[in-house]
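In: My questions are about this predicted structure, shown below with the sequence.
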Amino acid sequence: MENQNVPELFGSLVFDDRVMRARLSDDVYASLKKTIDENVRLDEQVADAVAEEMKNWAIENGATHFTHWFQPLTGVTAEKHDSFISPSPDGGVLMEFSGKELIKGEPDASSFPSGGLRATFEARGYTAWDPTSFAFIKDHTLCIPTAFCSYSGEALDKKTPLLRSMQAINRQAKRILKLFGTEANYVRTSVGPEQEYFLVDQEVFNKRPDLIYTGRTLFGAMPPRGQEMDDHYFGVIKPRVNEFMEDLNKELWKLGILAKTEHNEVAPAQHELAPIYSTTNVATDSNQLTMEIMKKVASRHGMVCLLHEKPFAGVNGSGKHNNWSIGTDTGINLLSPGKTPYENAQFLLFLCAVIQAVDDYQDLLRLSVATAGNDHRLGANEAPPAIISVFLGDELSAILKAIKEDKPYEGTEDVVMKLGVHSIPSFSRDTTDRNRTSPFAFTGNKFEFRSLGSSNSIACCNIMLNASVAESLKQYADELEGAADFETALHDLIKRVITDHQRILFDGNGYGDEWIKEATEVRGLSNLKTTADAMPHLLDEKNKKMLMEHKVFTEAELQSRCEIMLENYVKTVNIEGNTMVDMVRKNYLPAIERYLFRLAETTSLMKSVSANVKCNYEVSTMERLSELTDHILDSVKALEDDLDKFKSLDDVFESSAFVRDEMLPSMETLRGYVDEAEMLTSQNDWPFPSYGQLLFSVK
C-alpha cells in the first residue's frame, strides 16, 4: 500500500457525513441528520435532493448502476442492479435517480426464505432505505443499505428486527436515564465484531469436493504437526498472507470499514481481523461486507478464505467475538463504571439489566448463534461451551457480593455510596484477567459475546441481546418510576437482581466437566448442545411474549424464523451427507481398492521369488484395509439409508431431531473409518489433498 494516504483513502467510496455536508444544502442536510439521529420520517422533497446528489457523487466515482443492498434470511447479502440510464427524446440517455428509487425497491419476495410467510405465487416484496447506514460504491454500483419486507409488511430480513430491537432498547434506556437526571436524545448499542478465518491455497482447495460443496473437510486424518507448538498465534505473518491483508485493508478502508487489528490465530492457516466498534446496524452491514470482500481479495491472491466454523477437525475452529456496549449520543458509555457515586449507581443498574437479560433469555442467546457449523465448534478448546454464563472478574464480582450482603467492599479506601455499600472503585479498564472459556465476559466497559460462529450474521445475537436487555430495563423503569424513595428502591432493586440471578455468574473454567455438571444439575442452566436442541425455544411462550411486546418480531415472523433456521440446519447436514457418499463411492473406495491390488501384486511377486519372504507389512496392511473397506461400505450404506429416510420426513422439527440423532452419528462413524484408511494408504494413491497439504499450503 505504498504512497497511499490512508485518511484520504478511508471512506472514499462512501456517501458519508463528510460528503453529505459538502454536497447537500444546509436545510436538506439538517433534515436528513434529524432522520438519522432521531428516527424522524424523511420528507419526500428531501429524499429527491439526497438522491440527486448521491447519484452525481456515485457517477463521479465510476458507478453506472444502483442497488438496494439487503440481508435476507439466507445468511448472505442480496442485490439487484439497475442502471441510472433513462431514455432522452434525442435518442440518447439521461442519468437519473429519484427519491422514490432511493427510498423503495421491489425485489421478488417469493424467491427468498420466508418460513411460510410468503406463498410461491406471492412475489411482491419491498426494500426500504436505512438512512442510518451510509450508501457506498462496490463494483461500480451504488449500494443503498435497506430493510426487506413482504407485501403484507412482515420482515423478511435480519436488518428490520435489528433496527426494531435498537428502538426498543433506546426507549427503555432513556426511561432509566431520566430517573438519574442524565440527558440523552437517544441511546444506541455499539458492536465491534472480531472476525476469524482460514486461508488455503486455491489450487489445493479445488481438489477437495467437501470444501467446495460444504465449506468444511468431511474427511481428513490429522497431520504430524497441527497447533501443538503454539507458534502460529501472533507469529510472523507470511509474505503471501501479508500481501492479502494489505490489499484487504485497502478495500475495507475505501468502504469506511474500521479495520484495525490483524494477526495470526492459533491454528495453522488461521487469522483474525478486528474492527473498531460502531453502531450495531452499521457494524452488521460492515461485517457482512467484510466477509464478502475477504473472499474476493483472497481469490485475487490465489487463495480461498474459509469462514466455516470448523473447516478442519482436530484444530481450532473460527468464531466471531461480538463486543457489545451501550451508550448515549452525549458520549456516555453506560457500561463504564465512572468515578462518581451517581455514575456508579447508574452503571450498576445497567450492569444488572445485562446480567438479568442473559439469565432470563439464555436460550435466546444460545439459539441466536446456532448453526450446523457452529455446533461443531461450541465446547471445543477454542470456543466457550453451549452453556451460557456471565464472567465479571474478581473485583466486580466482589462488589456485587458486597451489595448482595449489605457489607462494605474492602477493595479500596472507603467512599460511602448512596447504595449503602462502601468504596465502589473506579475500574474502567483491565481490573481482571480475561476468561477465554466464558461465553459472555465483561471486559472493562463492554461485554464480549464469544459464542458466535465465524460465518454468522451478527444481527441475530444483537437482536436478542438488545431486546432482552430492553426487557430488563423496562421492568426496572416500571418499578422505579413510581417509587416514593428512589435511592432506597434502587438499592433494593439492585440487591434483589444480584441475588435472583447469581446462578448465571461464573468466573471459573468453562471447559471443565465439573462446570457442566454444576451448571445443569445445581444451577439449573440450560445446555442446548445443538441447533436442533436450541432453535425450538424461539417459540417458548416467555420468549414470544417478550419479543412481541417490544415489537421486535410478530408471532408469524417468529414462527417463520424458527422453521427457516431449522431448515437451514437440516439442509446443510443433508448436503454434507450426500457429499460424503459421493466422495466415498467415487473416490475413496476405488482408491483403497487400487492400493490393495498393488499390495497383493507386490506380495505375490515377493513370495514367488522366495518362500522365506514374510511380507508382514503388506499382509497386515491388506488385512486391516480390507476390514476397513467392509466397515466403510457398511457405514456408507447406513448413511444412504439415513438420507433416504430424511427425504420422507416433512416436519422440520422431526427432521432436525433425526439429523441430530441419526445422520450426524452415521457421518462421524463413516469418517472415522475413512480417516484410518488414509493413514494406511499410499499418499500417491489417496485421491485428495491431505490436512497437511491444506493447512500448510500458503507459504
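Out: Thanks, I have the structure now. Numbering: from 1, shown residues only.

In: Tell me the pLDDT of the residue nearest the centre of the chain.
Out: For the chain, the residue sitting closest to the mean C-alpha position, by CA atoms, centre = their mean, is Asn456 at 2.9 Å. Looking at Asn456, its pLDDT is 92.

In: That one touches Ala372, doesn't it?
Out: No - look at Asn456 against Ala372 with CB atoms under 8 Å: they stay out of range, at 11.8 Å. To be clear about C-beta, it is placed using only N, CA and C from the backbone, and glycine gets the same treatment.

In: And the next helix or strand past the longest strand anywhere in the chain?
Out: Ranked by residue count and defined by DSSP state E, the top strand of the chain is strand 187-201. Per DSSP states H and E, the first helix or strand lying C-terminal to strand 187-201 is helix 202-205.

In: next one: that following helix to chain centre, how far?
Out: In terms of CA atoms, centre = their mean, to the nearest Å, the centre of helix 202-205 is set 26 Å apart from its chain centre.

In: report the angle between the axes of the host helix or strand of Gln356 and strand 187-201?
Out: Element membership for Gln356, per DSSP H and E: helix 341-360. Orientation check (axes from the mean of the first three to the mean of the last three CA atoms, to 10 degrees): helix 341-360 against strand 187-201 gives 60 degrees.

In: With just CA atoms, put helix 341-360 into PDB.
Out: Backbone C-alpha positions of helix 341-360 (Å, rounded to 0.1, in the frame of the first residue of the first chain) are rendered in PDB as follows:
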ATOM      1  CA  PRO A 341     -21.300   7.600  43.100                       C
ATOM      2  CA  TYR A 342     -24.200   8.500  40.900                       C
ATOM      3  CA  GLU A 343     -22.400   7.300  37.800                       C
ATOM      4  CA  ASN A 344     -21.600   4.100  39.600                       C
ATOM      5  CA  ALA A 345     -25.200   3.600  40.700                       C
ATOM      6  CA  GLN A 346     -26.300   4.100  37.100                       C
ATOM      7  CA  PHE A 347     -23.700   1.700  35.800                       C
ATOM      8  CA  LEU A 348     -24.600  -0.900  38.300                       C
ATOM      9  CA  LEU A 349     -28.300  -0.800  37.200                       C
ATOM     10  CA  PHE A 350     -27.300  -1.200  33.600                       C
ATOM     11  CA  LEU A 351     -25.000  -4.000  34.600                       C
ATOM     12  CA  CYS A 352     -27.800  -5.700  36.400                       C
ATOM     13  CA  ALA A 353     -30.000  -5.300  33.300                       C
ATOM     14  CA  VAL A 354     -27.500  -7.200  31.300                       C
ATOM     15  CA  ILE A 355     -27.000  -9.900  33.900                       C
ATOM     16  CA  GLN A 356     -30.700 -10.500  34.300                       C
ATOM     17  CA  ALA A 357     -31.200 -10.500  30.500                       C
ATOM     18  CA  VAL A 358     -28.600 -13.100  29.900                       C
ATOM     19  CA  ASP A 359     -30.100 -15.300  32.700                       C
ATOM     20  CA  ASP A 360     -33.800 -14.800  31.700                       C
END
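
In: Name the residues of it that come out as buried.
Out: 343-360 (16 or more other CB atoms under 10 Å).

In: So which elements touch that helix?
Out: With contacts defined as 3 or more CB pairs under 8 Å, 6 or more residues apart in numbering; DSSP states H and E, the packing partners of helix 341-360 are helix 159-179, strand 390-391, helix 458-480, helix 486-500.

In: Please work out which of the ones you listed is packed deepest.
Out: Comparing these by mean neighbour count (mean count of other CB atoms under 10 Å), strand 390-391 ranks first with a mean of 26.

In: which residues are contacting that strand?
Out: Strand 390-391 is contacted from outside by 354-355, 358-359, 435, 438, 440-442, 504-507, using CB atoms under 8 Å, 6 or more residues apart in numbering.

In: give the contact list for the nearest residue in space to Arg175 that is not next to it in sequence.
Out: Among residues not flanking Arg175 along the chain, Ala477 sits closest, at 3.9 Å (CB to CB, 6 or more residues apart in numbering). By CB under 8 Å, 6+ apart, the residues touching Ala477 are 172, 175-176, 179.

In: Can you get me a residue count around Val6?
Out: For Val6, the count of nearby residues is 10 (other CB atoms under 10 Å).

In: what's the answer for Gly153, then?
Out: Neighbours of Gly153 using other CB under 10 Å come to 9.

In: Repeat that for the one 4 residues further on.
Out: Using other CB under 10 Å as the criterion, Asp157 is surrounded by 23 other residues.

In: cool, and Asn56?
Out: Neighbour number of Asn56 under other CB under 10 Å is 13.

In: pretty sure the residue nearest to the centre of the chain is in a strand, no?
Out: No - per DSSP: H, G, I helix; E, B strand; the rest coil, Asn456 lies outside any strand segment and is coil.

In: Contacts only, for it.
Out: Per CB under 8 Å, 6+ apart, neighbours of Asn456: 75, 320, 369, 371, 374.

In: ok now the helix or strand the last one falls within, how far from the chain's centre?
Out: Put plainly, it is Asn374. Per DSSP H and E, Asn374 falls inside helix 372-375. Here the centre of helix 372-375 is set off from its chain's centre by 11 Å, with CA atoms, centre = their mean.

In: how distant is the lengthiest helix in the chain from the center of its chain?
Out: Longest helix in the chain, counting residues (DSSP state H): helix 616-647. Distance of helix 616-647 from its chain centroid, counting by CA atoms, centre = their mean, is 37 Å.

In: what do you get for stretch 592-602?
Out: Its chain's C-alpha centre and that of stretch 592-602 lie 47 Å apart, by CA atoms, centre = their mean.

In: Could you export that stretch as PDB, keeping only the C-alpha atoms?
Out: The C-alpha trace of stretch 592-602 is given here as PDB (Å, rounded to 0.1, in the frame of the first residue of the first chain):
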ATOM      1  CA  ILE A 592      -8.200 -48.100  -1.400                       C
ATOM      2  CA  GLU A 593      -9.100 -50.900  -3.800                       C
ATOM      3  CA  ARG A 594      -6.300 -49.800  -6.200                       C
ATOM      4  CA  TYR A 595      -3.800 -49.700  -3.300                       C
ATOM      5  CA  LEU A 596      -4.900 -53.200  -2.100                       C
ATOM      6  CA  PHE A 597      -4.500 -54.600  -5.600                       C
ATOM      7  CA  ARG A 598      -0.900 -53.200  -5.800                       C
ATOM      8  CA  LEU A 599      -0.100 -54.600  -2.300                       C
ATOM      9  CA  ALA A 600      -1.500 -58.000  -3.400                       C
ATOM     10  CA  GLU A 601       0.600 -58.000  -6.600                       C
ATOM     11  CA  THR A 602       3.700 -57.000  -4.700                       C
END
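
In: Now do it, average pLDDT.
Out: Taken as a whole, stretch 592-602 has a mean pLDDT of 94.

In: Contacts for that stretch, please.
Out: 615, 618, 621-622, 625-626, 628-629, 632, 677, 681-682, 685.

In: For that stretch, buried residues please.
Out: In stretch 592-602, counting by 16+ other CB under 10 Å, buried: 592, 595-596, 599.

In: wait, Glu662 sits on Asp644?
Out: No - counting by CB under 8 Å, Glu662 does not reach Asp644; the two are 11.7 Å apart.
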